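Enquirer: The following comprises the amino acid sequence and a computationally predicted model.
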Amino acid sequence: MSGRMQAVRAEFARVFGGECTLVRAPGRVNLIGEHTDYNEGFVFPVAIDREVRYAVAPRDDRRVVLRSLNFNAQAEFSLDDIQHDAEQRWSNYVRGIAWALQGAGYPLRGMNAVIEGDVPLGAGLSSSAAMEVAALLAFEVAGGFQVEPVQAALLAQKSENQFVGLNCGIMDQFISRLGRKGHALLIDCRSLDYQAVPVGGDDVRIVVADSKVERGLVDSEYNRRRSECERAVALLSGRLPGIRALRDVTPEQLAEHADVLEGETLRRARHVVSENDRCLRSVAALRVGDVAAFGRLMDESHQSLRDDYAVSCRELDLLVEAAHAVPGVLGSRMTGAGFGGCTVSLVRAEAVARFQAEVASAYERAVGRPPEIYVCSAEEGAGTVEV
Ligand code: GLA
């Protein structure tokens, strides 16, 4: 058990006393397939070694009593009256999960819980999905019931969409719940079928660079991109009557019918259609060990997100350029929703130290402050922790 997990357990003993169960859910980094999940397309994320941890025990009443170590704060609510908390906003993730589980008919019980995490907040590594997925497991433990993992991811997404109010796709909750150690998951966001593909063998590393730019515009621009995609589908369906989402459009079809879309809508659609194609091609390359081809497709993904989807920013572009200047970097791109947050790079193991030094100093020279750079490992999705 990690030192942080022990701290969560010790805090539970101090605040609530008695036995507890430990659960955890990881953050994620998406290797390729960006802004494709809500277009019913393909994504290829890994669950990472940054996680949210809960120490939890059932109560005899219907109250949920929470203590957050990160915020050094308490929150409490009744399962019979689940409301938003405008002050302890971190607790809304737990409230939303209770709301979604109850709505789906699960027999919730009150619980005491201590919560702690080291997924950086607002960095695009899905700290909120980790909070939600861990909360869902905590309610399972407290209530003595089990939720099938794909169903759990869908309920966590529903909570984020309808209770927290962010219209995200399924990727983050899915990978946090179903990630596999040493693997990335190729997820079909329409059928929710998935395949685990080994990543980060002995000689390559997944390196995340956090721009430390607050993702200011992300909510409104994210929802705007979603509607632009829907508009593209509506316009294209005049020519391609069978389509339901941009997932159904091939790059050739888009090129053939480009005239029905005006400039900006065409660029948005072109990103999504090409990104689905890149995601499938990059996974095929990885399966045959062609990490160089995988890296090139990551680079193309970044260009497409920057130029066609317009969700990058100067700081993310700087990090990607600085990465490209380091020999041994196979590919580099922004990851997550964009407008700040992180880049992900695939780096040969022997080049990691140089990457850390050179990308950090180039970024600091240009922006005036250092980025934070982590080497990530691909971890198991959420679960209980053996004591
Ligand atoms: C956010 C959303 C995901 C996905 C990505 C972009 O992380 O939560 O559902 O849409 O942005 O790929």
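Expert: Everything's here; your move. Computed from a predicted structure; not experimentally measured. Numbering: from 1, shown residues only.
Enquirer: Please count neighbours and contacts with C-alpha atoms only from this point.
Expert: OK.
Enquirer: need the contact list for the residue of the stretch 101-250 of the chain found nearest the ligand.
Expert: When you check the stretch 101-250 of the chain against the ligand by CA to the nearest ligand atom, the closest residue turns out to be Gly169, at 3.3 Å. Counting by CA atoms under 8 Å, 6 or more residues apart in numbering, Gly169 makes contact with 37-38, 157.
Enquirer: List the buried residues of stretch 185-198.
Expert: 185-189, 192, 194, 196-198 (16 or more other CA atoms under 10 Å).
Enquirer: Between the two ends of stretch 193-202, how far is it?
Expert: Stretch 193-202 has an end-to-end distance of 28 Å (CA to CA, to the nearest Å).
Enquirer: Can you name the residues in contact with it?
Expert: Outside stretch 193-202, the residues within contact range by CA under 8 Å, 6+ apart are 180, 182-188, 206, 283, 286-287, 349, 377-378.
Enquirer: Any idea how far it is from the middle of the chain?
Expert: In terms of CA atoms, centre = their mean, to the nearest Å, the centre of stretch 193-202 is set 16 Å apart from its chain centre.
Enquirer: go on, stretch 210-218?
Expert: In terms of CA atoms, centre = their mean, the centre of stretch 210-218 is set 15 Å apart from its chain centre.
Enquirer: Stretch 197-207 too?
Expert: Taking the mean C-alpha point of stretch 197-207 and that of its whole chain, the gap between them comes to 19 Å (CA atoms, centre = their mean).
Enquirer: Around the ligand, which positions in the chain sit nearby?
Expert: 34-37, 168-172, 336-337 (CA under 6 Å from any ligand atom).
Enquirer: circling back: now list the buried members of the contacts of stretch 193-202.
Expert: Listed as buried from those are 180, 182-188, 206, 283, 286, 349, 377-378; burial here means 16+ other CA under 10 Å.
Enquirer: quick one on the thing from earlier: same list (the contacts of Gly169) but as CSV, adding pLDDT.
Expert: Output for the contacts of Gly169, formatted as CSV (pLDDT from 0 to 100):
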residue, pLDDT
Asp37, 98
Tyr38, 98
Gln157, 98
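Enquirer: just checking, which of the buried residues of stretch 185-198 belong to helices?
Expert: When DSSP state H defines the helices, the subset of those inside them is empty.
Enquirer: Please list the members of these that lie in strands.
Expert: In this view, the buried residues of stretch 185-198 that belong to strands under DSSP state E are 185-188, 194, 196-198.
Enquirer: wait, which of those is closest to Val273?
Expert: Taking CA to CA as the measure, Val273 lies nearest Asp188 of those, at 14.2 Å.
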